[in-house]
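[1] Please find the sequence and the predicted model below.
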Amino acid sequence: MNTQLRELQPLIYCMTNDVVTNFTANGLLAIGASPVMSKNAQESGQLAAAANGLLLNTGTLTDAQLEAMIIAGKSANKHGVPIVLDPVAVGATTYRTESVERLLKEVDMTVVRGNAGEIASLLGAHSEIKGVEGMSNLDPATLAEQTACKLQTIVCVTGETDAISDGATTSVLTQGHAWLTKVVGTGCLLGAVIASYVSVKKDDATVLTTEAVRDYTIAAERAYETSQYAGIGTFQAHFLDELSKQT
């Protein structure tokens, strides 16, 4: 997949949060995609139509950004552009929950990616949100499958164990390393990476979402091997290096 992705250099339009913009852009460049960032409603529809993939990330959401996301999402739907929704900290506040619910109502998502607490909130199951992290009482595979059936989309639950489901097929992955949780933006970047993968072949979105998560977590394992004695900052740099080495 990485070879094909690098050949196509898909344009990924990221409507993401202020904290992770630089890291997300560098991560997309590392895997061979081309990032574009904008939260302006006056151009979001046009950018979404021109892109190969769209990421909607609610990390630092505002009313203006929400409106821009809806415009972009509807444009992407119209032009057949796959969309990945990252509902950061949904369930933590009424505003976030209602905003994400509106996005899901007005825009057809290709993939919804979140931690266990976020996905449980979308399912309506018990969850615990602390900051942007979350936990659920359901195992990841069950959580992904049930939420995929409810939302009628692919759901990717990430954490110590990752699970990807479209409601009919569910995959469970156990690669990765805990240091991914020590670097701000690794979850957000994963949403953009998934958007890149599914943009290459939309008909295989479930398979490609699983492949994106597998490649991403393997890169984390390799980065830890070469940086474990240096620290988190070195891990972040080595993680980007490992993403850029994948073929």
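    Yes, it's here. Numbers count the residues shown, from 1 in each chain.

[2] okay, CA-based contacts and neighbour counts for the rest of this
    Fine.

[3] Send me stretch 140-147 as PDB with only the CA atoms.
    Extracted as PDB, the C-alpha positions of stretch 140-147 are listed here (Å, rounded to 0.1, in the frame of the first residue of the first chain):
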ATOM      1  CA  PRO A 140     -12.600  -3.100  21.700                       C
ATOM      2  CA  ALA A 141     -13.900  -5.600  19.200                       C
ATOM      3  CA  THR A 142     -17.500  -5.600  20.600                       C
ATOM      4  CA  LEU A 143     -17.400  -1.800  20.900                       C
ATOM      5  CA  ALA A 144     -16.200  -1.400  17.300                       C
ATOM      6  CA  GLU A 145     -18.800  -3.800  15.900                       C
ATOM      7  CA  GLN A 146     -21.800  -2.500  17.800                       C
ATOM      8  CA  THR A 147     -20.900   1.200  17.000                       C
END
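
[4] Show me what that stretch is in contact with.
    Residues from elsewhere that reach stretch 140-147, judged by C-alpha atoms under 8 Å, 6 or more residues apart in numbering: 116, 119-120, 122-123, 155-158, 161-172.

[5] Out of those, which sit inside strands?
    155-158, 162-165, 170-172 (DSSP state E).

[6] which of the contacts of stretch 140-147 count as buried?
    Buried subset of those (neighbour count, 16 or more other C-alpha atoms under 10 Å): 116, 119-120, 122-123, 155-158, 162-167, 170-172.

[7] Look up how far Thr186 lies from Gln246.
    17 Å (C-alpha to C-alpha, to the nearest Å).

[8] give the contact list for the residue lying closest to Ile31 once chain neighbours are set aside.
    In this structure, Ile31 finds its nearest non-sequential neighbour in Ser244, 5.3 Å apart by C-alpha to C-alpha, 6 or more residues apart in numbering. Contacts for Ser244 were tallied using C-alpha under 8 Å, 6+ apart; they are 30-32.

[9] Kindly report which residue of the protein is located farthest from the centre.
    The outermost residue of the chain, judged against the average C-alpha position, is Tyr229 (29.1 Å), by C-alpha atoms, centre = their mean.
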